[in-house]
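Trainee: Could you look at this predicted model? Sequence included:
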Amino acid sequence: MWESLKGYVKPGSVEDGLVREIDFSRLPAHVAVIMDGNGRWAGQRGLPRIEGHRAGSRSVREVTEAGARLGLKYLTLYAFSKENWKRPRPEVVRLWGLLREYLKREGPNFMENGLRLRVIGDRAGIPALAMRELERTEKATAANGGMTLVLALNYGGRAEIVEAARAILRSGRVRPRDLDEERFGSFLLTAGIPDPDLLIRTSGELRVSNFLLWQIAYAEIWITPVLWPDFRREHLFRAVVDYQKRDRRFGDVHAREGGEA
Ligand code: FPP
């Protein structure tokens, strides 16, 4: 077991059992998560929806720490989609407020734990106060060598692909015959980040919801009925154990090694 997990998982606990099943030489390098079910979690408790998001931000904290201790290189969280603007205004305002609170609170932990922050999404549409905080944290953590936490904010997969096509045309530097998948990928918001090996979706919905459409071409998908505010380290470990049982063939007939870039 990695040193970083000692003292983090209680000996003899369910988490301990799961961690012992993990082959650390075959970890997914990049795990992406569609965090869903905050509203239902709140509804089940007779609470306003924002309380579900507040509880969801505690899960963000837990999963970020668990992912970093596990040794993931990238953890991408779908925190606000381009479609989320359709929600009632007070919910939208409070969601961005929660994000700012989270950044203020977690900023120091990012430095302590060597985490890097990267934002993907349409930055121009992100509220100015939140954007300022995000840019500050991105800059402050840019040289850290630990896990990169990628926050997808004001993000849409189709919009990202269209924007990449626009950037290619604008650049005037790419001849049609020189455009291949690698080159195209370098114009996406995720340039330099390996594709997710594992995509987790909570709350049991069977959709990809416009998330990383290009990048999840060969991702293994793990769906759990657990609502995001109830998602804990145990669930992340379970997803990784299950991922390692999959036979990743990438269209070939034989399994090929993914992960661990
Ligand atoms: C989906 O649940 C969740 C969201 C749209 C927002 C996710 C936000 C957080 C987890 C909190 C803040 C983020 C950070 C990074 C600190 P839903 O509201 O669609 O749930 P429902 O489908 O049950 O209504």
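Mentor: Everything's here; your move.

Trainee: now the one helix or strand V162 maps to, how far from the chain's geometric center?
Mentor: V162 is part of helix 157-171, with elements assigned from DSSP states H and E. Distance of helix 157-171 from the chain centroid (CA atoms, centre = their mean, to the nearest Å) equals 22 Å.

Trainee: Pull out the buried positions in the following helix or strand past it.
Mentor: Using DSSP H and E, the next helix or strand after helix 157-171 towards the C-terminus is helix 181-185. Residues G185 are the ones in helix 181-185 that count as buried (16 or more other CB atoms under 10 Å). In this view, the C-beta of every residue, glycine as well, is placed from N, C-alpha and C.

Trainee: For helix 181-185, what does the pLDDT average out to?
Mentor: For helix 181-185, mean pLDDT is 98.

Trainee: Contacts for it, please.
Mentor: For helix 181-185, contacts defined as CB atoms under 8 Å, 6 or more residues apart in numbering pick out 164, 168, 174, 191, 214.

Trainee: Phi, psi for the residue nearest the centre of the chain please.
Mentor: The residue lying closest to the centre of the chain (CA atoms, centre = their mean) is T76, at 1.7 Å. The phi/psi pair for T76 (degrees, to the nearest 10) reads phi -110, psi 130.

Trainee: Contacts only, for it.
Mentor: Counting by CB under 8 Å, 6+ apart, T76 touches 30-33, 120, 149-152, 193, 196, 212.

Trainee: And those residues, which is closest to the ligand?
Mentor: Of all the contacts of T76, the ligand sits closest to L151, with 5.7 Å by CB to the nearest ligand atom.

Trainee: Sticking with whichever residue of the stretch 101-250 of the chain sits closest to the ligand, tell me its helix or strand.
Mentor: When scored by CB to the nearest ligand atom, the stretch 101-250 of the chain has Y102 as its residue closest to the ligand, at 3.6 Å. Under the criterion of DSSP H and E, Y102 resides in helix 89-112.

Trainee: and that helix, how far from the chain's centre?
Mentor: Using CA atoms, centre = their mean, the offset of helix 89-112 from its chain centre is 16 Å.
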